[in-house]
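Asker: Could you look at this predicted model? Sequence included:
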Amino acid sequence: MTPEDVLPDALLERIRGRAGAYDRDNAFFHEDLQELTAVGYLKLCVPSSDGGLGLGLEAAAQCQRRLATAAPATALAVNMHLVWTGVAQVLSARGDHSMDFVLQEAAAGEVFAFGNSEAGNDSVLFDSRTMAAPLPGGGYSFTGTKIFTSLSPAWTRLGIFGKDTHARDGEGELVHGFIRRDTAGYRILDDWDTLGMRASQSNTTVLDGAAVPADRIFRKLPVGPNADPLIFAIFACFETLLAAVYTGIGERALHLGVEAVKRRTSFKNGGRSYTQDPDIRWKVAGAAMAMDNLYPQLTLVARDVDALVDHGQRWFPKLVGLKVNATETARRVVDVAIRVSGGSSYFRGSELERLYRDVLAGMFHPSDDESAHNTVANAWLGPLDA
């Protein structure tokens with residue numbers, strides 16, 4: 001099954017046609033989500049035996065790349081659901097069935113979202129500022145604030161984690177679980193008014209004693225880096241699918257830039273096409289070469305995850321390297337597209353103007369530029385001396 005089979009041209013154009021209005025109105029992509037749900041898009045990673053499309057990470061990434069060429073904010077938000085279903089699939093393929101319930105519930109129509117990000121927590125998954133207090137029966141009560149909670153208006157299952165500071169002889173333990181939409185003890189703030197990626201409606205979620213029963217606690221891990229398969233699965237799916245979205249942005253920007261160059265003519269050169277301008281040609285060529293380097297990296301990393309390739313300690317450098325390369329390449333390509341398209345792209349309502357704002361969100365997703373370079377440097381050069 002190809003991305004074109006999953007997202008036919010007609011559907012993609014309808015989604016593209018709504019993206020500008022969602023951005024202008026700072027509105028959630030309700031119509032997009034309805035249509036994507038209807039074609040089974042939220043079941044990309046669900047096994048075909050359960051009514052899903054049964055696709056792996058490589059195919060899902062290519063679908064997300066295609067969706068992002070039409071509506072980056074829609075693709076970014078849908079990513080959060082696909083990350084959780086992808087995590088469940090990656091674990092299951094490796095013999096860990098602790099999250100098979102995610103695939104089963106996604107097959108039944110539940111929508112999953114990611115509620116892990118916290119302001120000021122640069123430890124990402126290795127520590128938490130959210131308090132996880134044990135409850136009788138094995139559940140936990142969570143109190144803290146989660147930011148960038150995409151799909152806020154639509155999720156029915158929210159993955160969260162927090163720290164039980166008293167566990168493991170006082171060293172602390174990170175507790176992962178899911179709350180339901182009807183869980184008491186949380187509230188969603190109406191605070192998503194951002195530069196770009198506006199339709200994602202990634203509102204802040206405040207947890208105030210939200211209780212997760214024992215059967216919804218799916219991992220308890222020590223504080224700090226560890227080799228648990230869940231950590232690999234989250235990084236693999238999050239970074240790869242995120243890279244796919246920004247690859248799609250770069251792809252679309254290059255296409256729009258080329259279209260603009262073909263339309264533009266030079267007044268001072270007697271109406272000569274800008275396709276004949278050496279400087280413009282150089283810029284477009286550079287953007288195209290950058291994108292040509294990115295496409296195979298996205299494909300090969302995702303393919304290796306599907307194929308259970310063991311890169312050992314090199315896995316994390318590969319994943320964060322892909323994310324940074326995708327987000328930074330897309331940002332540079334959008335900038336080139338703006339430059340070669342002329343002043344019309346500067347006006348509100350231009351698709352390139354929207355992509356220019358959307359692509360900037362890439363610098364805020366984990367792993368950030370500094371963390372990623374540190375990870376890669378440690379892999380090749382070893383850690384810094386104490």
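Answerer: Nice, I can see it.

Asker: Double-check that residue 176 belongs to a strand.
Answerer: Yes - counting by DSSP: H, G, I helix; E, B strand; the rest coil, residue 176 is part of a strand.

Asker: show me the contacts for it.
Answerer: By Cβ atoms under 8 Å, 6 or more residues apart in numbering, the residues touching residue 176 are 159, 160, 161, 217, 218, 219, 220, 221, 230. C-beta coordinates here come from the backbone N, C-alpha and C atoms, glycine included.

Asker: Quick check: strands, which of those are part of them?
Answerer: Using DSSP state E, the members of the contacts of residue 176 that fall within strands are 159, 160, 161, 217, 218, 219, 220, 221.

Asker: What is the neighbour count of the fifth one?
Answerer: A count of neighbours around residue 218, defined by other Cβ atoms under 10 Å, yields 19.

Asker: Now do the same contact list for it.
Answerer: 98, 99, 176, 177, 178.

Asker: ok, the third one to residue 272 distance?
Answerer: Yep, that's residue 176 we're talking about. With distances taken as Cβ to Cβ, to the nearest Å, residue 176 is found 61 Å from residue 272.

Asker: residues making contact with stretch 364-373?
Answerer: Here stretch 364-373 has contacts from 117, 122, 124, 148, 238-239, 242, 320-321, 323-324, 327-328, 363, 375, using Cβ under 8 Å, 6+ apart.

Asker: Check what pLDDT the residue of the chain positioned farthest from its centre gets.
Answerer: Distance from the C-alpha centroid of the chain, by Cα atoms, centre = their mean, peaks at residue 270 (46.4 Å). On the pLDDT scale, residue 270 is placed at 84.

Asker: ok, now residue 247?
Answerer: If you check residue 247, the pLDDT there is 98.

Asker: What is the neighbour count of it?
Answerer: 30.

Asker: thinking again about what came up before, go through the contacts of stretch 364-373 and say which is closest to residue 58.
Answerer: For these, the closest approach to residue 58 (Cβ to Cβ) belongs to residue 239, at 13.9 Å.

Asker: and the helix or strand harbouring the closest one with strand 217-222, angle?
Answerer: Residue 239 belongs to helix 229-263 when elements are defined using DSSP states H and E. For helix 229-263 against strand 217-222, the angle by axes from the mean of the first three to the mean of the last three Cα atoms, to 10 degrees is 100 degrees.

Asker: neighbouring contacts of the helix or strand just after helix 229-263?
Answerer: Moving toward the C-terminus from helix 229-263, the first helix or strand encountered (DSSP H and E) is strand 265-266. The contact list for strand 265-266 (Cβ under 8 Å, 6+ apart) reads 271, 272, 273, 274, 277.

Asker: rerun at 6 Å
Answerer: 271, 272, 273 (Cβ atoms under 6 Å, 6 or more residues apart in numbering).

Asker: Show only the entries of the residues you listed found in strands.
Answerer: Those of the contacts of strand 265-266 lying in strands (DSSP E): 272, 273.

Asker: Among the contacts of strand 265-266, which one is most surrounded by other residues?
Answerer: residue 273 (14 neighbours).

Asker: For it, give the beta-bridge partners.
Answerer: Residue 273 has these beta-bridge partners by DSSP bridges: residue 265.

Asker: do you know how far it is from residue 283?
Answerer: 15 Å.

Asker: Helix or strand with the lowest mean pLDDT in this structure?
Answerer: strand 265-266 (a mean of 84; mean pLDDT, DSSP states H and E).

Asker: Look up the closest residue to residue 174, ignoring the ones flanking it.
Answerer: Using Cβ to Cβ, 6 or more residues apart in numbering and skipping the chain neighbours, the partner closest in space to residue 174 is residue 221 (4.8 Å).

Asker: What helices and strands are in contact with the helix or strand hosting residue 66?
Answerer: Residue 66 belongs to helix 57-68 when assigned by DSSP H and E. If you count contacts as 3 or more Cβ pairs under 6 Å, 6 or more residues apart in numbering; DSSP states H and E, helix 57-68 packs onto helix 3-6, helix 72-93, helix 229-263, helix 278-306.

Asker: CSV please, covering these and showing distance to residue 166.
Answerer: As requested, the helices and strands packed on helix 57-68 are exported to CSV (distance: least, Cβ to Cβ, whole Å):
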stretch, distance to residue 166
helix 3-6, 47
helix 72-93, 28
helix 229-263, 22
helix 278-306, 36
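
Asker: Pull the contacting residues for residue 318.
Answerer: Contacts of residue 318 by Cβ under 6 Å, 6+ apart are residue 301.

Asker: per-residue confidence for it?
Answerer: For residue 318, pLDDT reads 96.

Asker: which of the contacts of residue 218 lies closest to residue 72?
Answerer: residue 178 (26.7 Å).

Asker: Need the per-residue pLDDT for the closest one.
Answerer: We have a pLDDT of 98 for residue 178.

Asker: How many residues are close by it?
Answerer: The burial count for residue 178: 25, using other Cβ under 10 Å.

Asker: is it in a bridge, and if so with what?
Answerer: Going by DSSP bridges, residue 178 forms beta bridges with residue 159.

Asker: Can you give me the distance of it to residue 116?
Answerer: Distance from residue 178 to residue 116, by Cβ to Cβ: 12 Å.

Asker: shared neighbours of those two, anything?
Answerer: By Cβ under 6 Å, 6+ apart, no residue touches both residue 178 and residue 116.

Asker: which residues touch the spatially most central residue of the chain?
Answerer: Of all residues in the chain, the one closest to the mean position by Cα atoms, centre = their mean is residue 242, 3.5 Å from it. Counting by Cβ under 6 Å, 6+ apart, residue 242 touches 323, 365.
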